[in-house]
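[1] Show me how the following folds:
(chains A and B)
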Amino acid sequence: MKLYVYCLAEGVERLNKAPLGVAGTAIQIAKFEDLSALVSVCRPDAFKVTRKNALAHHEVVSSITKQTTPLPARFGTLVTVQQLQNYVSTHRPAIKAKLAHVRGRAEMNVRMIVSGKPSPESKSEDALGPGTAFLLEKRREILSEEAGAAEKQQLSAWLREKLGDLIKEEKISVNSSQTVILAKADHLIERVDVQEYRTKMSLAVAERPEVRFMVSGPWPPYSFANIELEFSRQFGVT
Amino acid sequence: MSDFDQILVGEEWENTDLSLLETLDHVLNRGLVIAGEITIAVADVDLIFVGLNVMVSSVETAHEVLRKREATE
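    Residues are numbered from 1 along each chain as shown, chains lettered A, B, ... in the order given. Here you go, the predicted structure:
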């Protein structure tokens, strides 16, 4: 038997109307002094990667957001009791710092789709030799990376201008192809500011009719929960 | 999806599908990675199903959305 982990949290003594977890299991609280983990006892072979289970995972995480702000675990996390104990004990300061950072906050997401125009040089590529085509492709990659970095910076500046101090933390990614740019911005904001965020985003959206937007949230802070990634970043690993 | 609602601006999106896709995107791609076993097997048929859904929130989706829009214009 293993533990399926939904999230880590502080101050969770009991669950109010907890939904069923993955594979129809009951939710339990695993206590580690002042930290708690919402878990299910689950046979590894009973857990399947299904849409139903993915949604059950989210329902469980969301069910405690009225009590506290959790650090959601990634879907599919099955560990032994010992592994979970070890993780919490070795990461305790980082977990507590992260919980303090997200406390009372929620995640909002903005997705933007901008139509682009195909590069004219792509039309004559069939007539080129393989070496030239390779170099052109490399050039396109480099230009695309440079353009992506510039777009990311511009987008961040624009969003900060529109949303101001509402943004407590931001993560932006930009994916460009020849015909479309897809940008994603994840924002950590105070939960009490959700309505103001929506209002400000609605106004901002109206200024950019050429861009298609999707704004979603509030979410538990999925995008701001990971500790290992930030730890790795300190050592230059991405 | 009690903790989730969304405002969709500028496009007639399928709200229900997008809610589902957004949820799956969060659950599958984000969150705390705890040392342990991440039980996601490539061979799992359900994963492929989930993965295909999540793909809709990727760049490919953007292409699809644009194609559909152009077809209706």
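
[2] What is the burial count for A:Glu210?
    By other C-beta atoms under 10 Å in any protein chain shown, 7 other residues sit near A:Glu210. Placement of C-beta: from N, CA and C, glycine included.

[3] Which residue is the nearest non-sequential neighbour of it?
    In space, and not counting its chain neighbours, A:Glu210 is closest to A:Val114: 6.9 Å by C-beta to C-beta, 6 or more residues apart in numbering or on different chains.

[4] so what's the one you found up against?
    Residues near A:Val114 by C-beta atoms under 8 Å, 6 or more residues apart in numbering or on different chains: A:Val180, A:Ile181, A:Ala183, A:Glu210, A:Val211, A:Arg212.

[5] doesn't it fall inside a strand?
    Yes. Assessed by DSSP: H, G, I helix; E, B strand; the rest coil, A:Val114 belongs to a strand.

[6] Model confidence for A:Pro72, exactly?
    In this model, A:Pro72 is scored at 96, pLDDT.

[7] of all of chain A, which residue lies closest to chain B?
    Here chain A gets closest to chain B at one residue, A:Val79, 3.3 Å apart by C-beta to the nearest C-beta.

[8] what number of residues lie near that residue?
    Around A:Val79 there are 22 residues (other C-beta under 10 Å).

[9] Any idea how many residues pack against A:Leu166?
    A:Leu166: 19 neighbours (other C-beta under 10 Å).

[10] May I have the residues that are in contact with it?
    Here A:Leu166 is in contact with A:His187, A:Ile189, A:Glu190, A:Asp193, A:Glu196, A:Tyr197, A:Lys200 (criterion: C-beta under 8 Å, 6+ apart).

[11] swap the cut-off to 10 Å and go again
    Counting by C-beta atoms under 10 Å, 6 or more residues apart in numbering or on different chains, A:Leu166 touches A:108, A:159-160, A:187-190, A:193-194, A:196-197, A:200-201.

[12] and the longest helix for chain A?
    When chain A is parsed with DSSP state H, its longest helix is helix A:130-163.

[13] Please name every helix or strand in contact with that one.
    strand A:105-115, strand A:169-176, strand A:180-190, helix A:194-206 (3 or more C-beta pairs under 10 Å, 6 or more residues apart in numbering or on different chains; DSSP states H and E).

[14] can you give me the angle the first one makes with helix A:194-206?
    Taking axes from the mean of the first three to the mean of the last three C-alpha atoms, to 10 degrees, strand A:105-115 and helix A:194-206 form an angle of 10 degrees between their directions.

[15] what lines up beside strand A:105-115 in the sheet?
    Sheet pairing of strand A:105-115 (DSSP bridges) gives strand A:180-190 (antiparallel), strand A:211-219 (antiparallel).

[16] do the second one as well
    Sheet pairing here is set by DSSP bridges, and for strand A:169-176 it gives strand A:180-190 (antiparallel).

[17] Please write out the alpha-carbon positions of the partner strand in PDB.
    What follows is strand A:180-190, C-alpha atoms only, in PDB (Å, rounded to 0.1, in the frame of the first residue of the first chain):
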ATOM      1  CA  VAL A 180       0.900  32.000 -34.100                       C
ATOM      2  CA  ILE A 181       2.300  33.100 -30.800                       C
ATOM      3  CA  LEU A 182       0.900  31.500 -27.700                       C
ATOM      4  CA  ALA A 183       1.700  33.200 -24.400                       C
ATOM      5  CA  LYS A 184       0.800  32.100 -20.900                       C
ATOM      6  CA  ALA A 185       1.100  34.200 -17.800                       C
ATOM      7  CA  ASP A 186       0.600  32.600 -14.400                       C
ATOM      8  CA  HIS A 187       0.000  35.100 -11.600                       C
ATOM      9  CA  LEU A 188      -0.100  34.600  -7.900                       C
ATOM     10  CA  ILE A 189      -2.400  37.200  -6.300                       C
ATOM     11  CA  GLU A 190      -4.100  37.800  -3.000                       C
END
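
[18] Buried residues in that strand, which are they?
    A:Val180, A:Ile181, A:Leu182, A:Ala183, A:Lys184, A:Ala185, A:Asp186, A:His187, A:Leu188, A:Ile189 (16 or more other C-beta atoms under 10 Å in any protein chain shown).

[19] A:Ile167 versus A:Phe134, what's the distance?
    41 Å (C-beta to C-beta, to the nearest Å).

[20] who's more crowded, those two?
    The neighbour count for A:Phe134 versus A:Ile167, taken as other C-beta under 10 Å, is higher for A:Ile167 (18 against 11).
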